[in-house]
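J.: what's the 3D shape of this:
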Amino acid sequence: MGKTLIQIILLITSFNTVCSQVALHGTVLDSISNEKLSYVNIGIRHKNVGTVSLRDGSFNLTIPAEYKADTLTFSMVGYQDYSSAIPDLPSNVNVKLKQKTKQLADVIIKSPLLVEKKFGESNYHSLIQFTDGSTNQKIFSR
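T.: From the prediction side, this is the model:
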């Protein structure tokens, strides 16, 4: 009788835990092209709960009961983050991420000046040495 009672209590407790979880599934899309986005980070910030969208943009996520009131965030490089409260989300979530563009400053690349020096006999196969002024490396050519 005691074992049966313990088993019933464990069954009710585990059933209550499973029922209180939130199961979400859906697809992540680009807001302009409606292209499915692969490998989007989906999760609750600063918690160990999350997933990544698959190659076809789909995802499945089960959120434990203690995080039901938190905010779910979708993020990907090159896109603006999208956040929504978990209670406001339907079980089938379709999220469209907006592209994030940023203009970078111009980059100018300069080559160090090479200095020419001649060594050896002037009449016979002169050896020319170029010195890279920034690193003092010597480059020989004939």
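J.: care to break the chain down by domain?
T.: For the chain, the structural domains run 19-97, 112-142, going by automatic domain parsing.
J.: hey, which of the ones you listed is tucked in deepest?
T.: domain 19-97 (a mean of 15; mean count of other CB atoms under 10 Å). For every residue, glycine as well, the C-beta is placed using N, CA and C.
J.: what about it, average pLDDT?
T.: With pLDDT averaged residue by residue, domain 19-97 scores 92.
J.: centre of the chain to that domain, how far?
T.: 14 Å (CA atoms, centre = their mean, to the nearest Å).
J.: redo the domains of the chain as TSV? Include distance to Asp106.
T.: Formatted as TSV, these follow (distance: least, CB to CB, whole Å):
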stretch	distance to Asp106
domain 19-97	21
domain 112-142	20
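J.: wait, which of these is closest to Gln103?
T.: Nearest of the domains of the chain to Gln103, taken as CB to CB: domain 19-97 at 14.0 Å.
J.: before we move on, back to that, which one of the domains of the chain lies nearest to Thr4?
T.: Per CB to CB, nearest to Thr4 of those: domain 19-97, 22.4 Å.
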